[in-house]
Structures are given as structure tokens and as C-alpha cells.
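S.K.: coords please:
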Amino acid sequence: KLDNSLSFHCLRHGAATNMIKMGIRLTTIVEIIGWTGTAMLQRYLDTDVLEVEKVLGAGSLMEQ
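M.R.: From the prediction side, this is the model:
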């Protein structure tokens with residue numbers, strides 16, 4: 001039995017997020033996971049704060 005804190009939702013969310021970070025195309029991720037379109041994928045993606053800081057050229061958001 002899986003730990004209560006771990007669910008298939010968590011696994012799917014993590015897999016989708018990691019595939020995005022690896023540079024895998026959205027359409028490929030959708031096909032691998034079995035969704036019918038990219039709309040569901042958008043719900044699973046995390047915003048990577050460090051990536052946002054890098055893109056914006058900002059200092060650490062934690063210092064503000």
C-alpha cells in the first residue's frame with residue numbers, strides 16, 4: 001500500500017513537471033501521460049521560482 005502522502009496525482013504532477021524541465025515538448029508529454037490535450041497539463045505545471053528570477057534578472061525573491 002502506498003503512503004497516504006503519495007498519490008497517483010502526485011506522481012503524475014511530478015512526472016509532468018520534470019519532463020517540462022527536461023525540455024520535452026508539451027504534445028509529447030500529453031501523449032505519454034494519456035491526456036487528450038494540453039489544457040490538463042497546464043494544471044499540473046509548477047512555476048519554478050529560480051527560473052523566473054533568472055529570466056527576470058531579479059535578485060532572490062526571499063530577500064524582498
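S.K.: Residue 37 against residue 30, yeah?
M.R.: Yes - here residue 37 lies in contact with residue 30, judged by CB atoms under 8 Å, at a distance of 6.6 Å. Glycine gets a C-beta too; all of them are placed from N, C-alpha and C.
S.K.: So which of these two has more stuff around it?
M.R.: When residue 37 and residue 30 are compared on other CB atoms under 10 Å, the one with more neighbours turns out to be residue 30, at 17 against 10.
S.K.: In the protein, what residue spans correspond to helices?
M.R.: When secondary structure is read from DSSP state H, the chain shows helices at 8-21, 26-33, 38-44, 49-56.
S.K.: got CSV for those helices, with mean pLDDT too?
M.R.: Below are the helices of the chain laid out as CSV (pLDDT from 0 to 100):
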stretch, mean pLDDT
helix 8-21, 82
helix 26-33, 90
helix 38-44, 77
helix 49-56, 67
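S.K.: which residues touch the nearest residue to residue 19 once chain neighbours are set aside?
M.R.: Nearest non-adjacent residue to residue 19, counting by CB to CB, 6 or more residues apart in numbering: residue 29, 4.8 Å away. Contact partners of residue 29, counting by CB atoms under 8 Å, 6 or more residues apart in numbering, are 16, 19-20, 41.
S.K.: Could you single out the nearest of the residues you listed to residue 57?
M.R.: Ranked by distance to residue 57 (CB to CB), the contacts of residue 29 are led by residue 20 at 21.8 Å.
S.K.: and the closest one, how many neighbours?
M.R.: Applying other CB under 10 Å, we find 17 residues neighbouring residue 20.
S.K.: quick one: it from residue 29, how far?
M.R.: Noted for residue 20: a distance of 7 Å to residue 29, by CB to CB, to the nearest Å.
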